[in-house]
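Asker: based on what follows, work out the 3D shape:
(chains A and B)
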Amino acid sequence: QKEVEQDPGPLSVPEGAIVSLNCTYSNSAFQYFMWYRQYSRKGPELLMYTYSSGNKEDGRFTAQVDKSSKYISLFIRDSQPSDSATYLCAMSVNNAGNMLTFGGGTRLMVKP
Amino acid sequence: DSGVTQTPKHLITATGQRVTLRCSPRSGDLSVYWYQQSLDQGLQFLIHYYNGEERAKGNILERFSAQQFPDLHSELNLSSLELGDSALYFCASSVAGAQETQYFGPGTRLLVL
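Answerer: I've put the predicted structure just below:
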């Protein structure tokens, strides 16, 4: 079993929908949680960065971390066709040389 | 554009060969990380260098090695290549080596035939 699990999708939604992306993890030492967006044939791009539990909002994006359940989420409001990409969750502990452990990624398609 | 550059963009080679992938970090960044992305394993951490010194190792094969030079660019050397080494190799950089943002380059796509 992988340390970080993520539904691979694809997830197909109509434009304007609210999208919910999730990851579960098994390592309780993870303290830092990130969401990256990766367009086809491009490098991952950081979307959200949170430390420990709680919520963080940035524009149309909201990240939630529930450490007690070992579960993190990314919500995208008013989804746009330009949001179509693969979304990767990533995590790290606080003293592991900043090594990131990634989920497998969820492919999102937003249809106009 | 993240500011991280990687060369070459594509590389096709044969089994048993050796290749070198190059990465230039963002201006001012001291840390360089290498990741491998394959369809079956996803994105996996290989190795981290900070200001020329190795900081952390992930599941990097013994056939693979890396170094960071005084000008802070980094090279990832892959030798005795196997079909299963075909993947996207990403370099990322960050300012230091603690819990801050890693900026990813565009990647090198390696195909081993």
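Asker: please name the bridge partners of the residue nearest to the spatial centre of chain B.
Answerer: For chain B, the residue sitting closest to the mean C-alpha position, by C-alpha atoms, centre = their mean, is B:Trp34 at 3.2 Å. Listed beta-bridge partners, B:Trp34: B:Ile47, B:Cys91 (assigned using DSSP bridges).
Asker: contacting residues around it?
Answerer: B:23, B:45-48, B:60, B:66, B:74, B:76, B:89-92 (C-beta atoms under 8 Å, 6 or more residues apart in numbering or on different chains). Bear in mind the C-beta positions are built from the backbone N, C-alpha and C, glycine included.
Asker: list the contacts of the nearest residue to A:Ile18 once chain neighbours are set aside.
Answerer: Distance criterion C-beta to C-beta, 6 or more residues apart in numbering or on different chains; nearest residue to A:Ile18, sequence neighbours excluded, is A:Arg77 at 5.5 Å. Applying C-beta under 8 Å, 6+ apart to A:Arg77 gives the contacts A:18, A:60-62.
Asker: and chain B, which residues reach chain A?
Answerer: B:2, B:4, B:31, B:33, B:35, B:42-45, B:48, B:50, B:55-56, B:58, B:90, B:92, B:94, B:97-107 (C-beta under 8 Å from any C-beta of the partner chain).
Asker: I'd like to know which of those residues are buried.
Answerer: Buried by 16 or more other C-beta atoms under 10 Å in any protein chain shown: B:2, B:4, B:31, B:33, B:35, B:42-45, B:48, B:50, B:55-56, B:58, B:90, B:92, B:94, B:97, B:99, B:102-107, out of these.
Asker: quick one: which helix or strand includes the residue of chain B found nearest chain A?
Answerer: The nearest approach of chain B to chain A comes at B:Ala56, 2.8 Å away (C-beta to the nearest C-beta). Of the helices and strands defined by DSSP states H and E, B:Ala56 is found in strand B:53-57.
Asker: for stretch A:39-54, how far is the first residue from the last?
Answerer: 27 Å (C-alpha to C-alpha, to the nearest Å).
Asker: ok, now stretch A:85-105?
Answerer: Stretch A:85-105: ends 10 Å apart by C-alpha to C-alpha.
Asker: buried ones in that stretch?
Answerer: By neighbour count on 16+ other C-beta under 10 Å, the buried set for stretch A:85-105 is A:85-93, A:96-105.
Asker: turn the contacts of B:Trp34 into TSV, including pLDDT.
Answerer: TSV is the format used below for the contacts of B:Trp34 (pLDDT from 0 to 100):
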residue	pLDDT
B:Cys23	98
B:Phe45	93
B:Leu46	96
B:Ile47	95
B:His48	93
B:Ile60	93
B:Ala66	97
B:Ser74	98
B:Leu76	98
B:Tyr89	98
B:Phe90	97
B:Cys91	97
B:Ala92	95
